[in-house]
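# Structure of the sequence below:
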Amino acid sequence: MRHGAPTIYSHIRSSMLTSMQLGDLVRLGANGVSQFRVLEVEDAHALIEPTSDAPSGFPFRMRLIDLVTWTDD
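Next up, the predicted model:
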């Protein structure tokens, strides 16, 4: 493989980064159990906040690549 050549991984990663939108529900990683709402998307990061009313729940930034779309499974 040539250095710098696009790979299937980079294509999938690129589409994940661009598909996140305001209001989307996400989890942290594939095994995350807590639900968060996307408040803002900027470059490769998102500002998210927990959807539950936790006393210590506050908005914070995460890399888009670390966020997974929420599913009820």
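# E49: neighbouring residues, count only.
13 (other Cβ atoms under 10 Å). From N, CA and C alone the C-beta is placed, and that goes for glycine too.
# Ok, S52 next?
Residues lying near S52 (other Cβ under 10 Å) number 9.
# Point out where the chain drops to low pLDDT.
1-18 (pLDDT under 70).
# Which parts of it are helices?
Listed in chain order, the helices found in the chain under DSSP state H are 8-19.
# how about the strands in it?
25-28, 36-42, 45-50, 60-63, 67-69 (DSSP state E).
# helices and strands around the fourth one, which ones?
Helices and strands touching strand 60-63, by 3 or more Cβ pairs under 8 Å, 6 or more residues apart in numbering; DSSP states H and E, are strand 45-50.
# So what touches the strand it packs on?
By Cβ atoms under 8 Å, 6 or more residues apart in numbering, the residues outside strand 45-50 that reach it are 20, 26, 34-41, 57-64, 67.
# So in that sheet, which strands flank that strand, and in what orientation?
strand 36-42 (antiparallel), strand 60-63 (antiparallel) (DSSP bridges).
# Comparing the ones you listed, which comes out most buried?
Of all these, strand 36-42 carries the top mean neighbour count, a mean of 16, counting by mean count of other Cβ atoms under 10 Å.
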